[in-house]
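J.: everything below, folded, please.
(2 chains)
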Amino acid sequence: MADLAIDQRYELNPPLVTGGATYADITEQVSAITEKAPPRQWYYAFGVALLLAGLLGFCLTYLVAKGIGVWGNNSPVGWGWDITNFVWWIGIGHAGTLISAILFLFRQKWRTSINRAAEAMTLFAVACAGIYPLFHTGRPWRAVYWLFPMPNEFLHMWQNFRSPLMWDVFAVSTYATVSALFWFVGLVPDLATLRDRAVHPIRKTIFGLLSLGWRGSADQWRHYELAYLILAGLSTPLVLSVHSIVSFDFATSVLPGWHTTIFPPYFVAGAIFSGFAMVLNLMVAARWLYKLENLITIKHLENMCKIMLATGMMVGFAYGTEFFIAWYSANPYERFAFINRMFGPYWWAYWSMITCNVIAPQFFWFKKFRTSIPVMFVLAIFINIGMWFERFVIIATSLHRDFLPSSWGYFKPTWVDVGTFVGTMGLFMTLFLLFLRFLPAIAISEVKGVLHQQINQEKGAAH
Amino acid sequence: MAGTLLDKLPLPGFLKPGETSRHYGVIGDFDTPEDLLRAIRTARTAGYTRMEAYTPFPIHGIDEALGRPRSPLGRIVVVCAMTGLTLAVLLQWWTGAIDYPLVIAGKPLFAVEPSVPIMFELSVLLSAFGAVFGMFALNKLPTFYHPFFNFSRAHGATNDRFLLAVESHDPKFNAEEVIRLLDSCGSRHSELVEA
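T.: As a prediction, the model looks like this:
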């Protein structure tokens, strides 16, 4: 009977650390990744990533030298791939904060194996996102005076704080700063672990400085745990505010297709949807590359699939609501904007979005697909593509049909648009691969905390 | 027996007048968090008050066992949040309505509603600074030297060992007695650590 009880509990709640690992095994497994030369595949991936990051450098240099005209942006489509990519990257970052903050507050223990990498992903995604508005100004070195209230000699005026674009500046920069702080605070105890294992004096010094002399004393943990809880509590409304404010960039305008009150929750759900897809892709790759199957178990991956299913349904519901409201408003411009989305010149973008975002996640209803790594990997790629199309559809289709047919236009990306987008992916991958190589990709101390609970539970079950 | 115990004690240095000790304290090395908690409780019952535990992850219930109050970090963060909020209001009101009033789309020069997002963001930003740098200050980080690291097994505290230090400024401190006590609680290795 007792055995049956254990089996049932395990069925409902499988262990988060498998293979009978001890605390020392976790230290060894995670630290060893940063101490040994990476596997061959890492070098291949890094080479490709670096090449693409170089393409980004080239495209941005070309853009600054020639001007914004090298992008496909035109009148009336003043925002093209740049803002599409900005929103896409910011959205991807949101999953990292959701995992590190919201799941922490909800006491979801399974987050511990993936939160470190997901937070790193947030930082790198926000860095990629920031490039677009910065370079859209055309003169990025002067942008600091346009974007931030910096006293200066040539502008002789202040920013317009009544504009959502200014709210966006504050939201995104606060988000980047808080995410970086949260990430670093989480890293400190693990950096101390690396310091204490370091053999080479240079490595010892670097990790000694980075870990700030962390000792893991009960007194330090006392303040540390509260700081972590407060940061999680701050990041939770912050992450919701960031994509809400990003959506205000559109929602506060008077453009049909943008001027909708559903945008904030709909953008946030979409952000988490695409972010989890990206986390899943990265985790499946990292787990395969570094053989982390015992720490990132199929249970972790399945949970991510469930979140994608839930947020995918929310996004699908939002698409439906938008159409209903467009019809119900009886506003001819609003109705036209939405019919034009489906059957106008950008019909292919709209239907790609529906296929990838609404149809693809439906496979996750079935446990067979939720637990199949190739299936979930491919579906997650589809979701990322779909969420990119969603932003493109919202931005380009709403702009290209102006109120007067004489001002109608069409957006076509140029090679610089494509190069910049592919380039930011290269930058993202470069940063992520460097992170995997040099920093503990799994939160060592947090996983040990989970393992401790698991050991106690197993002891309790055995008695 | 006395010989082995003496071997564990390094030679005492010369003390300055009035100085009672130049040792950090005695540190014991335990296998599990449960052993550590038991040792803390035993030592507290024995009358020791100046203790510190070193663990690879936070242990539930250790603050109560050591008799530590709740961290005051929350109050620091509240003050920071208020500062951020005030700063955001002053910034938007002064730049928009006082220093360079400019009517844009007929909107009021300053109003609460459009100021809310930046009020929120700056409150969060300063609160996060308060939480992180307040925690560093309370924990005296960075501290690159600490006598704890003189313990021969200090590195275990970031791996899989659970250490308990009875510090030398404890009024009841006596190295030999503490070593005996920690050993009896299941310490694998107890050592007098130099300051």
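
J.: pLDDT at the closest residue in space to A:Gln454 that isn't next to it in sequence, what is it?
T.: Leaving aside its chain neighbours, A:Gln454 sits nearest to A:Pro15 (5.6 Å; criterion: Cβ to Cβ, 6 or more residues apart in numbering or on different chains). From N, CA and C alone the C-beta is placed, and that goes for glycine too. Note for A:Pro15: predicted pLDDT of 73.

J.: where's A:Pro15 relative to chain B, distance?
T.: 17 Å (Cβ to the nearest Cβ, to the nearest Å).

J.: ok, A:Leu434 next?
T.: From A:Leu434 to chain B the distance is 23 Å (Cβ to the nearest Cβ).

J.: could you look up the SS state of the residue nearest to A:Gln454?
T.: The local conformation at A:Pro15, judged by DSSP: H, G, I helix; E, B strand; the rest coil, is coil.

J.: show me what contacts the nearest residue to A:Arg287 once chain neighbours are set aside?
T.: Closest residue to A:Arg287 apart from its sequence neighbours, by Cβ to Cβ, 6+ apart: A:Ile296 at 4.5 Å. Residues in contact with A:Ile296 (Cβ atoms under 8 Å, 6 or more residues apart in numbering or on different chains) are A:113-114, A:283, A:286-287, A:442.

J.: need the helices for the stretch 351-463 of chain A, in chain order.
T.: Using DSSP state H, counting those that start in this stretch, the helices of the stretch 351-463 of chain A run over residues A:367-370, A:373-392, A:398-400, A:415-438, A:444-462.

J.: can you redo these as CSV with distance to A:Ala32?
T.: Listed next are the helices of the stretch 351-463 of chain A as CSV, based on distance: least, Cβ to Cβ, whole Å:
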stretch, distance to A:Ala32
helix A:367-370, 31
helix A:373-392, 23
helix A:398-400, 51
helix A:415-438, 12
helix A:444-462, 11
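
J.: of these, which approaches A:Thr205 most closely?
T.: Among those, helix A:415-438 comes nearest to A:Thr205, with 14.6 Å by Cβ to Cβ.

J.: I'd like to check the angle between that closest one and helix A:373-392, please.
T.: Helix A:415-438 runs at 140 degrees relative to helix A:373-392, counting by axes from the mean of the first three to the mean of the last three Cα atoms, to 10 degrees.

J.: packing partners for the strand of greatest length in chain B?
T.: Longest strand in chain B by number of residues (criterion: DSSP state E): strand B:23-30. Counting contacts by 3 or more Cβ pairs under 8 Å, 6 or more residues apart in numbering or on different chains; DSSP states H and E, strand B:23-30 is packed against helix B:33-45, strand B:162-167, helix B:175-184, strand B:190-194.

J.: can I get the contacts of A:Ile296 in TSV with distance to A:Tyr43?
T.: Converted to TSV, these look like this (distance: Cβ to Cβ, whole Å):
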residue	distance to A:Tyr43
A:Ser113	25
A:Ile114	24
A:Met283	21
A:Ala286	15
A:Arg287	19
A:Ile442	22
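
J.: looking at the residues you listed, which are in helices?
T.: Using DSSP state H, A:283, A:286-287 are the members of the contacts of A:Ile296 that sit in helices.

J.: which of the residues you listed lies closest to A:Phe323?
T.: Closest approach between the ones in helices among the contacts of A:Ile296 and A:Phe323, by Cβ to Cβ: A:Met283, at 34.6 Å.

J.: so who does the closest one touch?
T.: Per Cβ under 8 Å, 6+ apart, neighbours of A:Met283: A:114, A:117, A:296, A:300-301, A:304.

J.: let's see 6 Å
T.: A:Met283 makes contact with A:114, A:296, according to Cβ atoms under 6 Å, 6 or more residues apart in numbering or on different chains.

J.: CSV please, covering the helices and strands packed on strand B:23-30 and showing mean neighbour count.
T.: Formatted as CSV, these follow (neighbours: other Cβ atoms under 10 Å in any protein chain shown):
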stretch, mean neighbour count
helix B:33-45, 19
strand B:162-167, 26
helix B:175-184, 18
strand B:190-194, 20
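
J.: would you mind giving the ones you listed as CSV with distance to chain A and mean pLDDT added?
T.: Listed next are the helices and strands packed on strand B:23-30 as CSV, based on distance: least, Cβ to the nearest Cβ, whole Å; pLDDT from 0 to 100:
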stretch, distance to chain A, mean pLDDT
helix B:33-45, 6, 94
strand B:162-167, 8, 94
helix B:175-184, 16, 92
strand B:190-194, 13, 90
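
J.: need the ones you listed in JSON lines with distance to B:Val124, can you?
T.: JSON lines is the format used below for the helices and strands packed on strand B:23-30 (distance: least, Cβ to Cβ, whole Å):
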{"stretch": "helix B:33-45", "distance to B:Val124": "34"}
{"stretch": "strand B:162-167", "distance to B:Val124": "36"}
{"stretch": "helix B:175-184", "distance to B:Val124": "45"}
{"stretch": "strand B:190-194", "distance to B:Val124": "42"}
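
J.: how does chain B divide into domains?
T.: Chain B resolves into domains spanning B:23-70+B:146-194, B:73-138 when parsed by automatic domain parsing.

J.: from those, which stretch is densest packed?
T.: Highest mean neighbour count among these (mean count of other Cβ atoms under 10 Å in any protein chain shown): domain B:23-70+B:146-194, with a mean of 19.

J.: re earlier: output the domains of chain B as TSV; include the columns distance to A:Ile206.
T.: Formatted as TSV, the domains of chain B follow (distance: least, Cβ to Cβ, whole Å):
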stretch	distance to A:Ile206
domain B:23-70+B:146-194	16
domain B:73-138	19
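
J.: what is the least confident helix or strand in chain A?
T.: helix A:2-12 (a mean of 47; mean pLDDT, DSSP states H and E).
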